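Student: Here is my input; please provide its structure:
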Amino acid sequence: MVCWLVLTCHFMVLCTGINAQQNLVPNSSFENFTYPPSGISQLYLAHPWVSFSTDSGPVPGDYFHSNASNELAGIPENYLGEQTPHSGQAYAGLIAYSEDYPYYREFIQIVLKQPLKKDSLYYAEMYLSLAENRTLAIGNMGMLFTKEDPFESIKSAYYSRNSRSDVKTAMKKQRFLKYKPQVESQANHIQANNFQWERLAVTFKASGGEVYLTIGNFTKRKQVVKQQVSYNYGNPNIHNDAYYYIDDVKVLGLYDRPPRTDIAKKVPELKQKEKEYDLHKYFGQLDINQPFVLRNVYFESDEYILQPQSYMELNQLYDFLTSDPSILILIEGHTDNTNTEDYNNILSQLRAEAVKQYLVNKGVPLVRIDTKGYGEYMPIADNFTEEGKKLNRRVTFKITRRGN
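Tutor: Now for the predicted structure:
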């Protein structure tokens, strides 16, 4: 199949296998504003983004811009530390978790340019960076897509001029925690990088009609995965919470076809003699986070459908996982630098998820496998020769957890 890949309104790439539309997120990198920020809690200036907290209702999200009239909201330096934008001249910020205030969290929200289509495949990503002047990092940041506003009850309590306690009561019911974000941090991975931006991305199938995108931490307090990254030592300007800068939010429709869900079921069982291999000899004594390259996993050029010759090695990986149910893995996709950054990010993510889908269809529980597409940004050889590019186009896996 030949189709057009439209990743932004600025370029098109002729390709096979992937058909992406324009970014559905308005003002996705927070560049557009009504006027520059002059202090904190002014994300509303980056229209049409809105923000709110679970304590005091609308307004709390921060807006940082290089043209800010107050250094509190400046770039690269601001009241939370120092960070340059991932792109452009602006980014947003929010408190995702607070140790001092149990029910306090902040969220930012946007209405998509159009509702998501039922059973269509979408690619979503955002970039995160932990603020310096905070003591905690968490592993529960997410992107939630819904048909209705998940915080309607809290907003209604606020806008109806009810007392602040009514707003808190609406929040304490934690109705929003019934939602499971379509995009969420990998299991046991904490976003603790306060020097560089970290990409959080995944592909997902829409239920249909989702038009609200809400970003924040939707995990119940007792289940939040957290890490102490610094101490305030009595400094009143350093709070015991996890604060994240956010930039470059994307939602791209991949409308050509949904993920295959039947492929593993159609693979005949291997003959007994084909199963006579030593799993530990094949995979070695893998350490935690040690990558293993799946050299016998194949895709057509620019495709994310597994070729049949991949099944042997993937069946070995399946047997390896079933031999130790305590193992959790991360499947990683990589490309060469032939296409654009966006294209390679999407293709690598889709290929990693194709491998995951194969293993899930064979019987591996979904919760044991995470995926991440790195695109062209983790090469193991040069991209100037065909041989180097061939080595860089790969799928790997690593053990992220073993044992209790």
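Student: List the buried residues for the helix or strand in which Y245 is found?
Tutor: In this structure, Y245 sits in strand 241-254 according to DSSP states H and E. Within strand 241-254, the residues scored as buried using 16 or more other CB atoms under 10 Å are 241-254. Glycine gets a C-beta too; all of them are placed from N, C-alpha and C.
Student: Remind me what that strand packs against, helices and strands.
Tutor: strand 90-98, strand 121-130, strand 136-138, strand 141-146, strand 212-217, helix 341-362 (3 or more CB pairs under 8 Å, 6 or more residues apart in numbering; DSSP states H and E).
Student: and the protein, what are its domains?
Tutor: 20-29+50-62+78-254, 264-401 (automatic domain parsing).
Student: what about the shortest one, distance to the chain center?
Tutor: Taking CA atoms, centre = their mean, to the nearest Å, one finds domain 264-401 lying 19 Å from the centre of the chain it belongs to.
Student: List the contacts of G388.
Tutor: By CB atoms under 8 Å, 6 or more residues apart in numbering, the contact list for G388 reads D336, P379, A381, D382.
Student: List only buried entries from those residues.
Tutor: In the contacts of G388, burial by neighbour count holds for D336, P379, counting by 16+ other CB under 10 Å.
Student: Which parts of the stretch 251-400 of the chain are helices?
Tutor: Using DSSP state H, counting those that start in this stretch, the helices of the stretch 251-400 of the chain run over residues 279-283, 311-323, 341-362, 386-392.
Student: Run through the stretch 301-404 of the chain and note the low-pLDDT ranges.
Tutor: For the stretch 301-404 of the chain, the stretches flagged by pLDDT under 70 are 404.
Student: just the stretch 151-300 of the chain next, same as before
Tutor: Scanning the stretch 151-300 of the chain with the threshold set as pLDDT under 70 gives 153-177, 187-188, 232-237, 255-280.
Student: Now do the end-to-end distance for stretch 54-62.
Tutor: Distance between the two ends of stretch 54-62: 15 Å, counting by CA to CA, to the nearest Å.
Student: And stretch 81-92, by the same measure?
Tutor: One end of stretch 81-92 sits 14 Å from the other (CA to CA).
Student: Only the buried residues of it, if you could.
Tutor: Buried-residue list, stretch 81-92, by 16+ other CB under 10 Å: G81, Q83, P85, H86, Q89, A90, Y91, A92.
Student: Mind telling me the two of those farthest from one another?
Tutor: Pairwise distances across the buried residues of stretch 81-92 peak at 17.5 Å for G81 and Q89 (criterion: CB to CB).
Student: burial count for the nearest residue to E332 once chain neighbours are set aside?
Tutor: Setting aside the residues directly before and after it, E332 is nearest to T396 in space (CB to CB, 6 or more residues apart in numbering), at 4.8 Å. Counted with other CB atoms under 10 Å, the neighbours of T396 add up to 21.
Student: Pretty sure T396 sits against V297.
Tutor: No. Between T396 and V297 there is no contact under CB atoms under 8 Å: 9.5 Å.
Student: Packed most tightly, which of the domains of the chain would that be?
Tutor: domain 20-29+50-62+78-254 (a mean of 19; mean count of other CB atoms under 10 Å).
Student: re earlier: I'd like the contacts of G388 as TSV, with distance to K281 appended.
Tutor: Below are those laid out as TSV (distance: CB to CB, whole Å):
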residue	distance to K281
D336	30
P379	28
A381	26
D382	31
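Student: For V355, state which of the contacts of G388 is nearest.
Tutor: Taking CB to CB as the measure, V355 lies nearest D336 of the contacts of G388, at 18.3 Å.
Student: For the nearest residue to the closest one once chain neighbours are set aside, give me its contacts.
Tutor: Leaving out its chain neighbours, the residue that sits closest to D336 by CB to CB, 6+ apart is K389, at 3.8 Å. Neighbour list for K389: D336, N337, T338, A381, N383 [criterion: CB under 8 Å, 6+ apart].
Student: In the residues you listed, find the pair that's most separated.
Tutor: Greatest spacing in those, by CB to CB: T338 and A381 (13.9 Å).
Student: How far does stretch 364-381 stretch from one end to the other?
Tutor: End-to-end distance for stretch 364-381: 32 Å, by CA to CA.
Student: now the helices: where do they sit in the stretch 51-200 of the chain?
Tutor: Remark: helices assigned in the stretch 51-200 of the chain by DSSP H, counting those that start in this stretch are 152-159, 164-172.
Student: Spit out the contact partners of Y282.
Tutor: By CB under 8 Å, 6+ apart, the contact list for Y282 reads Q316, F320.
Student: distance of it from Y104?
Tutor: Going from Y282 to Y104 by CB to CB, to the nearest Å gives 50 Å.
Student: likewise K180?
Tutor: Counting by CB to CB, the gap from K180 to Y104 is 22 Å.
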